[in-house]
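Asks: my questions are about this predicted structure, shown below with the sequence.
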Amino acid sequence: MSEPVNTAVSEPPLLEVSDLTVHHGQLRALDALSLTVMPGEVYAIIGANGAGKSTLLRTIAGLHQPTAGAVRLDGEDVTVLRPERRARQGIVMVPEGRRLFGSLSVEENLQVGATYARPGPWTIEKVYETFDWMRSRRGQRAAQLSGGEQQTVSIGRALVANPRVLLLDELSLGLAPVIVQRIYGMLPQILATGLTVLLVEQDVSQALRVASHIHCLLEGRTTLEGRPADVTAEQVEAAYFGLAGTGAASRSAEGSEA
Amino acid sequence: MAWVNAIIQGVLTGGLYALFACGLSLMFGVMKVVNLAHGDLAVVAGYVAIGIITATHIPVLWSVVVVVPVMAVLGYVLQRTLIQSALNRGVLTTLIVTLGVSMVIENGLLQFFTANTRGIGPNLSLVTSSFSLGSQIQIAWLLVVIFAVAVVVLLGLQYFLSGSKYGRLIRATADDQEAVQLAGADYRHVFGIAAALALGTVALGGIAYGMYADLDPTAGTDTILLFAFVAVVIGGLGSLWGTLLGGVVLGVAQQIGAQINFSYEVLAGYIVFLAILVLRPEGLTTRKAQS
């Protein structure tokens, strides 16, 4: 509310990452990375293995501390906040590998997710309405569910916290393509409740299909960013694999890093 | 008849051992901390009870109302400070730190209270009275009451863990510490609550032991911690009701050993312990902490 109204842009960014550098020991996983996520966007981070995608998401969620740079939510600096504080302020992550509480029932998983929820449209009841198979199996232990079911419960557990920014880390990992399609097919329904999604995806075509903005990483640096409609398949390929920078991809990379 | 007597006494003693063991099991199950000061903290609870009774002359059993919350708060503080900072340096560090706490407590008690043994409420009718079953079996009321308290404590813990918000968070944290943070919960606070529960239960164990036998500064490690360990391992790591089963098996083994030859009492318990480790190392119950 205290944000000064910018005359050029109608809305302030919801999530801002500026000059974020993260080290894993000696290894520099992210190198002065910046990105801006606008409200209502589906912002997709793509890149090869080891590009720093998951590190970026985990740092935004507060699970890694950056060596330099800042993370801002709605203009407020959250860089030094612990992960649970960020979750309560609306940065909620669906972690890679689903990470359900295996000995708890489906419903208890959702209840844990709702324990420190912000006020908002998502309730356990609403999750049951959205994913209708879940209600009849709410007493079942999470460890007994299939991978796709676990992924859906993991998303439900994040949704009941009523996030402002939902971070999705590699939803497709270890799941059959048809299941992945179905889970991504739920995205419009989720977005309709007014939240913003920042996702990491190894499957580039999947990311291009759902994203309103893509951002390609290579060895911790930006190699390409823009709207899916504005980038060509060749640019994406060059940015993804870091092919010699003679084409449009490298120009775009220089442009985004400037 | 002597054998029946041994079994009955052994089963009842198992309640006392369950009070020693359930907190140890809970802390291991949730934060993977083996609290080597667990028994000494029970002794501290007993000494605090004696101190309160001597100073204020409140009825002996009322001291429980004071001591249990005090120990629970101490458990929370200990977890959030010493044990958490040890955990941040790796699980093995917690062994060294809790061993250090154990030594400090034992030597502190020796320094300030001497090596003399002390009992809690030795003249209480609850402590001295018993009833007869048939002509040869004498059962102390105290053991019956302690066994009942242990059952109530375990039922309470089970109810709390399965039904309450914090109970759910404790189980979730035991499953996945990181995911719990992503759900907005401070796992360190959850750990603190688990430690408070653990020390609350072992405070009851310490007071019960002070009434059943006598407390001295080294009873914490020599008796309480060792018996708690044995009960936990026999029953199955992380299993709540397993601590009662483990306690009962240990108690019965000791009584039967004592029946054969009085000097075999403690030895018999450890023989059963070793046999379980060899034959069924996962313990008699393999159920998780919530069951």
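Replies: Cool, got the structure.

Asks: only C-alpha atoms for contact and neighbour calcs from this point on.
Replies: Noted.

Asks: okay, and the helix or strand of chain B with the least pLDDT?
Replies: helix B:125-128 (a mean of 86; mean pLDDT, DSSP states H and E).

Asks: buried sites along that one?
Replies: B:126-127 (16 or more other CA atoms under 10 Å in any protein chain shown).

Asks: who are the packing partners of that helix?
Replies: The contact analysis (3 or more CA pairs under 8 Å, 6 or more residues apart in numbering or on different chains; DSSP states H and E) places helix B:125-128 against helix B:141-163.

Asks: one step back: next one: the least confident helix or strand of chain B to chain centre, how far?
Replies: 22 Å (CA atoms, centre = their mean, to the nearest Å).

Asks: whatever residue of the stretch 1-150 of chain A ends up closest to chain B: helix or strand, and which one exactly?
Replies: Per CA to the nearest CA, residue A:84 is where the stretch 1-150 of chain A lies closest to chain B, at 3.9 Å. Per DSSP states H and E, residue A:84 falls inside helix A:83-89.

Asks: in three-state terms, label residue A:122 for me.
Replies: coil (DSSP: H, G, I helix; E, B strand; the rest coil).

Asks: about what we covered before: could you point out which element follows the helix holding residue A:84?
Replies: strand A:91-94.

Asks: now whatever residue of chain B ends up closest to chain A: how far from residue A:151?
Replies: For chain B and chain A, the shortest gap (CA to the nearest CA) falls at residue B:184, measuring 3.9 Å. Residue B:184 sits 19 Å away from residue A:151, going by CA to CA, to the nearest Å.

Asks: related to what we said a few turns ago, put the alpha carbons of the helix holding residue A:84 into PDB.
Replies: Provided in PDB are the C-alpha atoms of helix A:83-89 (Å, rounded to 0.1, in the frame of the first residue of the first chain):
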ATOM      1  CA  PRO A  83      11.600 -20.100   5.200                       C
ATOM      2  CA  GLU A  84       8.700 -20.400   7.600                       C
ATOM      3  CA  ARG A  85       8.400 -16.600   7.800                       C
ATOM      4  CA  ARG A  86       8.400 -16.400   4.000                       C
ATOM      5  CA  ALA A  87       5.700 -19.100   3.800                       C
ATOM      6  CA  ARG A  88       3.500 -17.200   6.100                       C
ATOM      7  CA  GLN A  89       4.000 -14.000   4.000                       C
END
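
Asks: elements contacting it?
Replies: helix A:53-61, helix B:177-182.

Asks: let's have those in CSV, adding mean neighbour count.
Replies: Formatted as CSV, the helices and strands packed on helix A:83-89 follow (neighbours: other CA atoms under 10 Å in any protein chain shown):
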stretch, mean neighbour count
helix A:53-61, 24
helix B:177-182, 24
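
Asks: how about the residues of chain B that lie near chain A?
Replies: Taking CA under 8 Å from any CA of the partner chain as the contact definition, chain B meets chain A at B:165, B:168-169, B:171-172, B:175-176, B:179-186, B:288.

Asks: out of those, who's the most crowded?
Replies: Comparing the residues of chain B next to chain A by number of neighbours (other CA atoms under 10 Å in any protein chain shown), residue B:183 comes first, having 32 neighbours.

Asks: I'm done for today, thanks for sticking with me.
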